[in-house]
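A.B. asks: I'll drop the sequence and a predicted model, then ask my questions.
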Amino acid sequence: MARYGEKAQSKVKKAMHERKAGTLKSGRSGKKVKSRKQAIAIGLSEARKAGGKVPKKSSSKKKASSKRKPAAKKKASSKRKSSAKSKSSSAKKKS
C-alpha cells in the first residue's frame, strides 16, 4: 500500500520545480527556499491542507534517558584560593 497519494506527489513535484526555478518561498518569512528537504516539506504540508493522503507529521519527542541531571555547583572561591597558593609556592621554589 502506498504511503503517499497522487495529490501529495503532485504537490511535492510542483514545489520542487518552483525551488529549481527560484520562485518557492517559505510561508512565514517569505524568504526563498534553497533546501531540497524544505521544498519537500512545503509540498507535503500543502498536500495535507488539500486533503491528500500523507502520513502524520512525526513529533520530536525527547527520550527520558537523554535528559541530563543538573550538575552540582562547585564553589569558585576554593579554586581561586588553591591556584593562589600554588602560585605563591612556585614563587618560593624559584628563589
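C.D. replies: Thanks, I have the structure now.
A.B. asks: pLDDT below threshold where in the protein?
C.D. replies: 60-69, 74-95 (pLDDT under 70).
A.B. asks: in it, which spans are helices?
C.D. replies: 6-21, 36-49, 76-94 (DSSP state H).
A.B. asks: contact partners of the second one?
C.D. replies: Right, helix 36-49. In this structure, residues lying in contact with helix 36-49 by Cβ atoms under 8 Å, 6 or more residues apart in numbering are 4-5, 7-8, 11-16, 18-19, 24, 26-27, 33, 54. Where C-beta positions appear, they are placed from N, C-alpha and C, glycine not excepted.
A.B. asks: try stretch 9-20
C.D. replies: 4, 24, 33-34, 36, 39-40, 42-44, 46-47, 50, 52.
A.B. asks: Pull out the buried residues from that stretch.
C.D. replies: For stretch 9-20, a neighbour-count test (16 or more other Cβ atoms under 10 Å) marks 11-12, 14-16, 18-19 as buried.
A.B. asks: Stretch 37-53 too?
C.D. replies: Quick answer for stretch 37-53 (16+ other Cβ under 10 Å): 39, 41-48, 52.
A.B. asks: contacting residues for Lys7?
C.D. replies: Lys7 touches 47, 50-53, counting by Cβ under 8 Å, 6+ apart.
A.B. asks: want to try TSV for those residues, with distance to Ala72 as columns?
C.D. replies: Converted to TSV, those look like this (distance: Cβ to Cβ, whole Å):
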residue	distance to Ala72
Ala47	50
Ala50	54
Gly51	54
Gly52	52
Lys53	52
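A.B. asks: Return the subset of those residues lying in strands.
C.D. replies: The strands in this structure, assigned by DSSP state E, contain none of these.
A.B. asks: Those residues: which two are farthest apart?
C.D. replies: Ala50 and Lys53 (10.5 Å; Cβ to Cβ).
A.B. asks: re earlier: which of the contacts of stretch 9-20 sits closest to Lys73?
C.D. replies: Lys34 (43.4 Å).
A.B. asks: Pull the number of nearby residues for the closest one.
C.D. replies: The local packing of Lys34 (other Cβ atoms under 10 Å) involves 10 other residues.
A.B. asks: Val33 now?
C.D. replies: 19.
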